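In: Could you look at this predicted model? Sequence included:
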Amino acid sequence: MLRLLMREFLRQPLLNEAAETRFTTLAIRLIESVDLALAARHVREIAAHPGLPRALARHLAAGPLSLAGPILRLSPALDDKDLTELAEQLGPAHLAAMAARREVTPALAKRLAELIHRRSAGPTPASAEDGPDADAATIGPAPAAISGKPAEPAEPAPPAVPDFFRAGPEERAALIARLVTLPPLPLAERPAAAPAAFIDALLDAAKAKDSAALAALMERALAVTPANAARIVAEETGQALAVVARALGLSFAILSRVLFRLHPVAGRSAGEMARLAEMFDELPLASAQHLVASWRAERRVARERAEDAPSMRSFNQPHAAPATSPSVTENRQRSS
């Protein structure tokens with residue numbers, strides 16, 4: 001029934017307010033009565049529709065991330081006022097999905113940045129509004145096990161990046177949007193640009209459909225674990241390869257040639273390639289570098305010590321003269 005309802009909605013517009021109310025009521029009941037993954041698939045079909053009722057869009061935007069993500073990113077039914085009100089209520093993963101909208105006013109963008117920074121600064125209890133998928137898109141250390149002994153003071157762990165390969169399309173978009181808030185990687189941890197020999201070897205391995213050779217190339221070029229190199233190659237949507245291409249400075253033309261040979265179903269689908277091209281164009285280089293770094297074993301993020309950080313209080317202030325040894329002072333007195 002849900003599939004038939006969505007097809008009818010896409011086939012002809014709702015003519016009046018009464019029709020919108022009936023459609024909204026029936027859609028909510030059917031969405032809540034089916035499996036979440038099935039409901040998310042149908043929500044993605046109508047998310048960008050200009051005739052989507054505002055009441056339905058707001059209801060879905062406050063639900064689990066798999067339902068809210070497409071609405072928050074794509075729906076024109078939500079105006080700036082709706083988005084501002086939702087931003088004050090929703091969790092970090094929902095805010096990241098909202099921040100991925102193509103058109104956001106400067107005022108809303110500033111507010112989203114403030115809320116994302118505030119809510120990702122420290123661990124917060126899970127909110128019911130975030131839904132079951134919110135944990136997969138939250139960046140932060142896992143909570144420590146509760147024990148009877150008092151906790152010993154310890155250095156906070158570096159922010160962990162969720163598993164990109166297990167996340168759904170909307171969770172990946174939210175994940176990438178949140179990675180923008182992390183500090184840039186040290187130069188030593190950033191993948192080097194791919195040389196011409198690597199590109200030739202990549203295309204030859206893809207042409208031969210040699211997954212093992214492709215995984216070996218990924219492992220050497222990115223310094224990732226063998227298991228994650230194999231997962232990059234096996235990921236059928238091509239999004240993991242798009243992250244790799246962005247991190248290594250490869251063009252989308254190279255990416256499409258590899259995907260065409262490696263995963264023909266996605267590589268030869270115009271719709272899939274269009275979505276992948278949009279993701280590739282909008283993917284920041286820093287986010288791609290963070291994802292690649294998270295696929296390495298036992299990665300630790302170097303953090304600047306507080307005593308080494310420059311202070312704005314000392315800006316434009318005279319520095320103390322360096323101390324000199326007694327022998328240097330004595331030699332200066334003799335020479336004078």
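Out: On my side now, so go ahead.
In: C-alpha only now, for contacts and for neighbours.
Out: Fine.
In: Restrict stretch 93-112 to CA atoms and write it as CSV.
Out: Output of stretch 93-112 as CSV, limited to C-alpha atoms (Å, rounded to 0.1, in the frame of the first residue of the first chain):
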residue,chain,number,x,y,z
ALA,A,93,23.5,13.7,12.9
HIS,A,94,20.4,15.4,11.8
LEU,A,95,22.1,18.8,11.9
ALA,A,96,24.9,17.4,9.7
ALA,A,97,22.3,16.2,7.2
MET,A,98,20.7,19.6,7.2
ALA,A,99,24.1,21.2,6.6
ALA,A,100,24.5,19.2,3.5
ARG,A,101,21.6,21.1,1.8
ARG,A,102,22.6,22.6,-1.5
GLU,A,103,21.1,26.0,-0.6
VAL,A,104,21.3,27.3,3.0
THR,A,105,21.0,30.9,4.0
PRO,A,106,24.1,32.5,5.7
ALA,A,107,22.2,32.9,9.0
LEU,A,108,21.1,29.3,9.1
ALA,A,109,24.6,28.0,8.0
LYS,A,110,26.2,30.0,10.9
ARG,A,111,23.6,28.6,13.4
LEU,A,112,24.2,25.1,12.2
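In: so how far is His290 from the residue lying closest to Leu222 once chain neighbours are set aside?
Out: Nearest residue to Leu222, sequence neighbours excluded (Cα to Cα, 6 or more residues apart in numbering): Pro191, at 5.8 Å. Applying Cα to Cα, to the nearest Å, the value for Pro191 to His290 is 10 Å.
In: Which of those two has more residues huddled nearby?
Out: Ranked by neighbour count (other Cα atoms under 10 Å), Pro191 and His290 place His290 first, with 23 against 19.
In: Which of the helices or strands spans that one?
Out: Assigned by DSSP states H and E, His290 belongs to helix 285-294.
In: first to last residue in stretch 31-39, what's the distance?
Out: The first-to-last residue distance of stretch 31-39 comes to 5 Å (Cα to Cα).
In: Identify each buried residue in it, please.
Out: By neighbour count on 16 or more other Cα atoms under 10 Å, the buried set for stretch 31-39 is 31, 39.
In: Which residues does it contact?
Out: 2, 66-67 (Cα atoms under 8 Å, 6 or more residues apart in numbering).
In: residue contacts, the residue nearest to Ala109 when sequence neighbours are not counted?
Out: Excluding the flanking residues, the one nearest Ala109 by Cα to Cα, 6+ apart is Ala99, at 7.0 Å. Ala99 makes contact with 73, 109, 112, 177 under the criterion Cα under 8 Å, 6+ apart.
In: Ala99 and Lys110: what is the separation?
Out: With Cα to Cα as the criterion, Ala99 and Lys110 are 10 Å apart.
In: okay, now the domains of this structure?
Out: As assigned by automatic domain parsing, the chain contains the domains 2-121+129-137, 187-294.
In: weakest of the ones you listed by average pLDDT?
Out: Least confidently modelled of these is domain 2-121+129-137, at a mean of 79 by mean pLDDT.
In: hmm, back to that, quick one: which of the contacts of Ala99 is most hemmed in?
Out: Scoring these on neighbours with other Cα under 10 Å, the highest-scoring entry is Arg73 at 25 neighbours.
In: okay, now Leu285: neighbour count?
Out: Number of residues near Leu285 (other Cα under 10 Å) recorded here: 17.
In: hmm, back to that, for the contacts of Ala99, which one is nearest Ala55?
Out: Ala55 has its nearest neighbour among the contacts of Ala99 in Arg73, at 16.5 Å by Cα to Cα.
In: Is that closest one in a helix, a strand, or coil?
Out: helix (DSSP: H, G, I helix; E, B strand; the rest coil).
In: Let me know the helix or strand that the residue nearest to it when sequence neighbours are not counted is in.
Out: Of all residues not flanking Arg73 in the chain, Arg101 sits nearest, at 4.5 Å (Cα to Cα, 6+ apart). In the assignment (DSSP H and E), Arg101 maps to no helix and no strand.
In: and the gap between Arg101 and Pro92?
Out: From Arg101 to Pro92 the distance is 15 Å (Cα to Cα).
In: which of these two has more neighbours?
Out: Taking other Cα under 10 Å, Arg101 and Pro92 do not tie; Pro92 has more neighbours (26 against 16).
In: now the more buried one: how far from Ala68?
Out: From Pro92 across to Ala68, the span is 12 Å (Cα to Cα).
In: these two touch, right, Leu14 and His49?
Out: No - contact criterion Cα atoms under 8 Å: Leu14 and His49 do not qualify, at 11.6 Å.
In: Common neighbours of those two, please.
Out: Counting by Cα under 8 Å, 6+ apart, nothing touches both Leu14 and His49.
In: Tell me how far the helix holding His290 lies from the chain's centre.
Out: 10 Å (Cα atoms, centre = their mean, to the nearest Å).
In: helices and strands around that helix, which ones?
Out: Applying 3 or more Cα pairs under 8 Å, 6 or more residues apart in numbering; DSSP states H and E, one finds that helix 285-294 makes contact with helix 169-179, helix 239-248.
In: and the angle for it with helix 169-179?
Out: Relative orientation of helix 285-294 and helix 169-179, computed by axes from the mean of the first three to the mean of the last three Cα atoms, to 10 degrees: 110 degrees.
In: just the angle between helix 285-294 and helix 239-248, please?
Out: Relative orientation of helix 285-294 versus helix 239-248 (the same axes, to 10 degrees): 110 degrees.
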